[in-house]
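Asker: Sequence and predicted model, in that order:
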Amino acid sequence: MNPETLKLFYEPKDRLRLTIEGEKSYHTVRPAWAAPLSRPNTYLALLDGKGDEIVTVSDPNTLSPESLTAAKEELRRRYLTATVITVKHAKQEFGATYWTVETDRGTKDFVTQNLQENAVWLSPTHLLLLDVDGSRFEIPNVEKLDAASQNYIETIL
């Protein structure tokens, strides 16, 4: 599908909609990265209100400037990432890991499950944690954390 035929816009002001020129309109649209870790900023999936794929755009930059701006705003909300400054506490219990961390957005409590899938090493020192709600917690350099924080990570992971 030609990305130029796609029009993403807000109507009302907090609901993203999609019109495919000459074909169809969707009242609720959720953009999602098809491969956010392995192919960042490529393959943008547009999902309907039920989570079914409408279309995937291989290069989002081929969208009109207005549609790209709307998609980026919605993605920013969806993929909000907090940067972890300190791990205050972490414990594992029945396959879940309970975290209390200090982030650039304040103190956060969150839960991760299945750390083999939800603790992603982006480099030898760069860690991304995905919680059960889909929130992302990033540690750009584990080695720069204080000793207690590093100990929690080494023990858990």
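Answerer: Yep, it's here. Quick caveat: nothing in here was measured; it's all calculated off a predicted structure. Residues are numbered from 1 along each chain as shown.
Asker: Am I right that residue 119 is in contact with residue 142?
Answerer: No - if you go by C-beta atoms under 8 Å, residue 119 and residue 142 don't touch, sitting 11.1 Å apart. Just so you know, the C-beta spots here come from the backbone N, C-alpha and C atoms, and that holds for glycine as well.
Asker: what sits in contact with each of the two?
Answerer: residue 127 (C-beta atoms under 8 Å, 6 or more residues apart in numbering).
Asker: In the protein, where's the longest strand?
Answerer: strand 81-93 (DSSP state E).
Asker: model confidence over it, on average?
Answerer: Per-residue pLDDT over strand 81-93 has a mean of 96.
Asker: pull the helix or strand with minimum mean pLDDT from this structure.
Answerer: Taking mean pLDDT, DSSP states H and E as the measure, the helix or strand of the chain with the lowest value is helix 115-118, at a mean of 89.
Asker: other SSEs contacting that helix?
Answerer: strand 127-130 (3 or more C-beta pairs under 8 Å, 6 or more residues apart in numbering; DSSP states H and E).
Asker: can you rerun that using 10 Å?
Answerer: On a contact count with 3 or more C-beta pairs under 10 Å, 6 or more residues apart in numbering; DSSP states H and E, helix 115-118 meets strand 96-103, strand 127-130.
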